[in-house]
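Student: Fold the following, please.
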Amino acid sequence: MKTKLTILLCVFAFVLKAQLVQPEWSKNAVMYEVNVRQYSNEGTLRNVLLDLDRLQQLGVNVLWFMPLHPIGKQNRKGTVGSYYSVQNYHEIDPQYGSREDFKELVQQAHARGMKVLVDWVANHTAWDNPWVNDHPDWYKRNEKGEIKTPFDWTDVAQLDYSNEELNQEMIQEMVNWLKEFNIDGFRCDVAFLVPLTFWERLRDEIGPNPYLLAEMEWNTDLTKNPNTYFTKAFNAAYGWTFMGVTQDMAKGKKSLESFRNEMNENYQRFPMYTQKLLFITNHDENSWNGTVKEKYGDAWQLYSALTFTLPQSVPLIYTGEEAGLSRRLRFFEKDPITIDEWSDTSRYAWYRTMTNLKRTNKALWNNANSTYERLSFKEENANMQVYAFTRSNGKHKVTVIVNTGKEAVKANPEGWKLPKGKRIHNTPMTVSKNGQLDLPAQSVQIIVQQ
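Tutor: This is a model prediction of the structure:
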């Protein structure tokens, strides 16, 4: 049956043209989060530059660099501090390299067909950022008149966007990075803590082309309608809902029914042209909540596949994920991925297959022509843990079948037949003569028709 998602994609197609236009390149974006500090022992931009060919072969076409600014020393946490404690917005941390190093990296990435995003921290600064002394009125204050700090982030001071000069200066800093380094946009840290008025002014200033990824989803800290952040300002939202429900499913804490309900609600809340950064790990998740192995166990391919195939998805691969990184990187320390850890290439074939599928098959592209149809089974009930859908775009079709349960299942399609085509899987299913599917536990089956 056709879902509301298919209909809404068509209904909202006109909105895409009227309000926010997605960059053409984002239709099949595959993003890679670059943690320069932990990328190598040296932890420099030049090390990443020398690795661009490998990343291109992996199949990623967007590089998101975690913050490159110098890190504050005052009230610093740990030995080297938080990436998100910005001492100076204008500079690049000399430990990473020079401005010329980054310009060359961006140029070489563009030459390989890759886009480049830079992490931008607009909500707060380090305590030794010059703004604290030069513009103390740019910061929020508590009842005692002291500069506030968000949450328990005692290493940073929170900015106050009721100040007009701050708005102008922050926008100018971001414009400078776009112009000087020729980057393609920003990943905007805790975007939900910064007023929408700032982000819309930024969009007016930079125009429609730079890509803005918001670290936010349904966050109601400043507004009861967070979806308004995506009407004009932001191209993509964080996929926290996806990650949260899938990691609980992998651990047996939530059912497939929970996944359907939570994801359906999530899709309906946002404009249908809003893209979703879907991931099974990132810098925060790895450091604070667990490795892919801890969160997903042996079912990682199943949930990885969904990040590439669900509607409006921008799949994310975090530094070391493709090498099966099996430890948590310490957030406030220099804790580089070792040469031995990088030498594990056993997952490369999977990621190359999935990145190629997302980039080349129009059925999975993020536009109004790509439809989604959920597929049913005769045995379907609240206890059945099998989920199937077809993505279509003209002659291009991709069918995805996942058994999220920890036991093998026999499933009989209702109202559809298993299509012929190239098959991608973690563990293969078998198909009986009458069309019954024998699906191994925690398995994913992808059938590609072109």
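
Student: contacting residues for residue 85?
Tutor: Residues near residue 85 by C-beta atoms under 8 Å, 6 or more residues apart in numbering: 71, 72, 76, 77, 124, 125, 126, 155, 156. Quick note: C-beta positions are derived from backbone N, CA and C, even for glycine.

Student: do that again at 6 Å, thanks
Tutor: By C-beta atoms under 6 Å, 6 or more residues apart in numbering, the contact set of residue 85 is 71, 72, 126, 155, 156.

Student: For those, which single residue is the most surrounded?
Tutor: residue 126 (27 neighbours; other C-beta atoms under 10 Å).

Student: For it, which residues are in contact?
Tutor: 72, 85, 86, 87.

Student: swap in residue 424?
Tutor: Taking C-beta under 6 Å, 6+ apart as the definition, contacts of residue 424 comprise 353, 446.

Student: Shouldn't residue 116 be within a strand?
Tutor: Yes. The assignment for residue 116 by DSSP: H, G, I helix; E, B strand; the rest coil puts it in a strand.

Student: what residue ranges in the protein score low on pLDDT?
Tutor: Counting by pLDDT under 70, the ranges of the chain that qualify are 1-18.

Student: before we move on, the earlier item: ok, so of the contacts of residue 126, who is nearest residue 178?
Tutor: Minimum distance to residue 178 across those is 17.1 Å, recorded for residue 86 (C-beta to C-beta).

Student: measure the closest one to residue 73 for me?
Tutor: 12 Å (C-beta to C-beta, to the nearest Å).

Student: Quick check: residue 408 touching residue 443?
Tutor: No. Counting by C-beta atoms under 6 Å, residue 408 stays clear of residue 443, with 8.4 Å between them.

Student: In terms of packing, which of those two has more residues around it?
Tutor: Using other C-beta under 10 Å as the criterion, residue 408 and residue 443 rank with residue 443 on top: 22 against 14.

Student: Now the more buried one: closest residue in space that isn't a chain neighbour?
Tutor: Leaving out its chain neighbours, the residue that sits closest to residue 443 by C-beta to C-beta, 6 or more residues apart in numbering is residue 427, at 4.5 Å.

Student: secondary structure element for that neighbour?
Tutor: Under the assignment given by DSSP states H and E, residue 427 is not contained in any helix or strand.

Student: That one contacts residue 439, correct?
Tutor: No. Using C-beta under 6 Å, residue 427 makes no contact with residue 439, being 8.8 Å away.

Student: which one of these two has more residues nearby?
Tutor: Set side by side, residue 427 and residue 439 show more neighbours around residue 439, with 26 against 16, by other C-beta under 10 Å.

Student: show me what contacts that one?
Tutor: By C-beta under 6 Å, 6+ apart, the residues touching residue 439 are 403, 409, 429.

Student: neighbour count winner among residue 86 and residue 73?
Tutor: residue 86 (27 against 13).

Student: how about that one, what does it touch?
Tutor: Applying C-beta under 6 Å, 6+ apart, one finds that residue 86 lies in contact with 69, 121, 125, 126.

Student: likewise residue 124?
Tutor: Residue 124 neighbours (C-beta under 6 Å, 6+ apart): 150, 156, 157, 158, 159.

Student: filter those to the buried ones?
Tutor: Buried subset of the contacts of residue 124 (neighbour count, 16 or more other C-beta atoms under 10 Å): 150, 156, 157, 158, 159.

Student: Would you mind giving the domain segments of the protein?
Tutor: According to automatic domain parsing, the chain comprises the domains 4-364, 371-449.

Student: about what we covered before: from the contacts of residue 439, which single one is nearest residue 360?
Tutor: residue 429 (24.0 Å).

Student: Now for the closest one, how many residues are close by?
Tutor: For residue 429, using other C-beta under 10 Å, the count is 19.

Student: Contact partners for it?
Tutor: Contacts of residue 429 (C-beta under 6 Å, 6+ apart): 437, 438, 439, 445.

Student: Phi, psi for the first one please.
Tutor: Backbone torsions of residue 437, given as degrees, to the nearest 10, read phi -100, psi 130.

Student: do the second one as well
Tutor: Dihedral angles of residue 438 (phi, psi; degrees, to the nearest 10) stand at phi -100, psi 100.

Student: Which of the domains of the chain has the highest mean neighbour count?
Tutor: Across those, averaging neighbours per residue (mean count of other C-beta atoms under 10 Å) puts domain 4-364 on top, at a mean of 18.

Student: one step back: closest one of the buried ones among the contacts of residue 124 to residue 313?
Tutor: Of these, the one sitting nearest to residue 313 (C-beta to C-beta) turns out to be residue 150, at 29.4 Å.

Student: Is the closest residue to that closest one other than its chain neighbours bridged to anything, and to what?
Tutor: In this structure, residue 150 finds its nearest non-sequential neighbour in residue 158, 5.0 Å apart by C-beta to C-beta, 6+ apart. Listed by DSSP bridges, the beta-bridge partners for residue 158 are residue 124.

Student: Contacts only, for residue 158.
Tutor: If you count contacts by C-beta under 6 Å, 6+ apart, then residue 158 has 124, 140, 148, 150 around it.

Student: Dump these to a markdown table, plus secondary structure and distance to residue 296.
Tutor: Formatted as a markdown table, the contacts of residue 158 follow (DSSP: H, G, I helix; E, B strand; the rest coil; distance: C-beta to C-beta, whole Å):
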| residue | secondary structure | distance to residue 296 |
| --- | --- | --- |
| 124 | strand | 32 |
| 140 | coil | 38 |
| 148 | coil | 37 |
| 150 | coil | 30 |
